[in-house]
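**Q** Give me a model of this one.
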Amino acid sequence: MKILMTVLLTLAFPVNSAIAQYAPQIPVQSIANFFQLPPGVNFGEVPAVAVNSQGNVFVFSRSNPTGGGPAYGIHAAQLFEFNASGEFIREHGRGLYAWAFAHGLRIDANDNIWTVDKGSNMVVRMDPDGRVVWVFGRKAESSSESARPIERQNPPLPPQDGRFREPTDVAFDSQGNIYISDGYINSRVAKYDMNGDWVMSWGEPGSEPGQLRTPHSIAIDSNDNVYVGDRSNNRIQVFDTQGNLLRILSVATPIAPGSKAVNGTTPEDLSDVGGNGAPNSLCIPPGSDVIYVGESTFPGRIIKATLAGEVLGVIGNAGRNLGEFSGVHGLACPSENIIFAAETSNSRVQKLILNP
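**A** Presented below is the predicted three-dimensional model:
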């Protein structure tokens, strides 16, 4: 009778085995007061962080040194550089024309600095000293009467080669080719060659395999597989360098009881959220076979998984304290056991040491 009752309950409420087990918590130490900003200076929302070959840390902040105003008119972006000990070195590109609303930041193999700005629709490559070298895309001219944030249409207008609509991130393959996630509206990946010349794009808005809904982050492994954080579809899609879909990954994993949202309402039934796994940010440590995934604001964790999508563990949970997160919008992982986590909602960057 007990066996029959168990069978009947299982049929009525089927259990997804992927949601039946909690991923192990990875021990982590968050370094308090690591970044030593000048007196009176604070980070705004921090969407992105990157580390160069010297161990210097670059922080792209939604702060505004030039006064108030809308993002498309005046800047909400500053780029700070710190040494490996967290001491402030300098600010790069203060008041740069291409910066309106900071979004993505990466350092390439030659220590060039790449910024992605969602407000201006521009991607900028700087040399290691912070001098502008290349500019991709163009923003609406501020002198035009029609200059304003992009209006979203449904369906969206067709994309144009060489131009972006709210881009999000950038990555590089072993040959120096450049991949830009052209995220909120065009929902595609744009590819340029090592000389900065347009090659192709792939993807379109939608939820079918190969389609994208807010490709929010992009990373490339040592075999030149391109991982696209398809945030609004709660998945990671993996492509080759020609845009051919190789596989689709999900890192959704159950949310621990007692989890609470930092901003907004906490869902009453955490099981209904399904573990989320929506990839806000992606990072693959150099030469590693793992990937770190920063979730959206809730549940706000960092998930460690294999490149095949097997969840290995979870770092932290939603919250405001050290070792907790809200909106892990950008990740830098110079090694498998050191992570810098940029948070928008908490307006900070944490240096994390795993398994201390």
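
**Q** Is the residue positioned nearest the centre of the chain bridged to anything, and to what?
**A** Compute the mean C-alpha point of the chain, and by Cα atoms, centre = their mean the closest residue is Ser281, 2.7 Å away. Under DSSP bridges, the beta-bridge partners of Ser281 are Gly294.

**Q** element containing Leu96, please.
**A** For Leu96, there is no host helix or strand (DSSP states H and E).

**Q** That one contacts Met122, correct?
**A** No: Leu96 is not in contact with Met122 according to Cβ atoms under 8 Å; the separation is 9.4 Å. Just so you know, the C-beta spots here come from the backbone N, C-alpha and C atoms, and that holds for glycine as well.

**Q** What sits closest to Ala261 if chain neighbours are left out?
**A** Phe298 (4.3 Å; Cβ to Cβ, 6 or more residues apart in numbering).

**Q** What pLDDT is listed against that neighbour?
**A** At Phe298, the model reports a pLDDT of 82.

**Q** For it, the count of nearby residues, please.
**A** Using other Cβ atoms under 10 Å, Phe298 has 26 neighbouring residues.

**Q** Who are the contact partners of it?
**A** With contact taken as Cβ atoms under 8 Å, 6 or more residues apart in numbering, Phe298 is in contact with Ser259, Ala261, Val262, Gly264, Thr266, Pro267, Val273, Asn276, Ala318, Ser326.

**Q** same thing but 7 Å
**A** By Cβ atoms under 7 Å, 6 or more residues apart in numbering, the contact list for Phe298 reads Ala261, Gly264, Ala318.

**Q** what helix or strand does the first one sit in?
**A** Taking DSSP H and E as the criterion, Ala261 maps to no regular element, lying outside all helices and strands.

**Q** Tell me how far it lies from Pro254.
**A** Using Cβ to Cβ, to the nearest Å, Ala261 is found at 16 Å from Pro254.

**Q** Out of these two, name the residue with the larger neighbour count.
**A** Pro254 (20 against 16).

**Q** Surely the more buried one forms part of a helix?
**A** No: assessed with DSSP: H, G, I helix; E, B strand; the rest coil, Pro254 is coil; it does not lie in a helix.

**Q** wait, the residue nearest to the centre of the chain sits on Cys333?
**A** No: if you go by Cβ atoms under 7 Å, Ser281 and Cys333 don't touch, sitting 10.2 Å apart.

**Q** Leaving out sequence neighbours, find the closest residue to Thr266.
**A** Once flanking residues are discounted, Thr266 sits nearest to Lys260: 4.9 Å by Cβ to Cβ, 6+ apart.

**Q** Which parts of this protein belong to which domain?
**A** 27-139, 158-249 (automatic domain parsing).

**Q** avg pLDDT for the last one?
**A** With pLDDT averaged residue by residue, domain 158-249 scores 97.

**Q** do the first one as well
**A** The average pLDDT within domain 27-139 is 92.

**Q** ends of that domain, how far apart?
**A** 44 Å (Cα to Cα, to the nearest Å).

**Q** Over to stretch 247-256?
**A** 28 Å.

**Q** At which residues are the helices of the stretch 251-356 of the chain located?
**A** Under the criterion DSSP state H, counting those that start in this stretch, the stretch 251-356 of the chain carries helices at the ranges 270-273.

**Q** The stretch 1-150 of the chain now?
**A** Under DSSP H, counting those that start in this stretch, the stretch 1-150 of the chain gives helices at 2-12.

**Q** show me where it has strands.
**A** Using DSSP state E, counting those that start in this stretch, the strands of the stretch 1-150 of the chain run over 28-30, 45-51, 57-62, 78-82, 88-92, 102-107, 113-117, 122-126, 132-136.

**Q** export these to a markdown table and tack on mean neighbour count?
**A** Below are the strands of the stretch 1-150 of the chain laid out as a markdown table (neighbours: other Cβ atoms under 10 Å):
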| stretch | mean neighbour count |
| --- | --- |
| strand 28-30 | 17 |
| strand 45-51 | 25 |
| strand 57-62 | 26 |
| strand 78-82 | 22 |
| strand 88-92 | 14 |
| strand 102-107 | 26 |
| strand 113-117 | 27 |
| strand 122-126 | 22 |
| strand 132-136 | 16 |
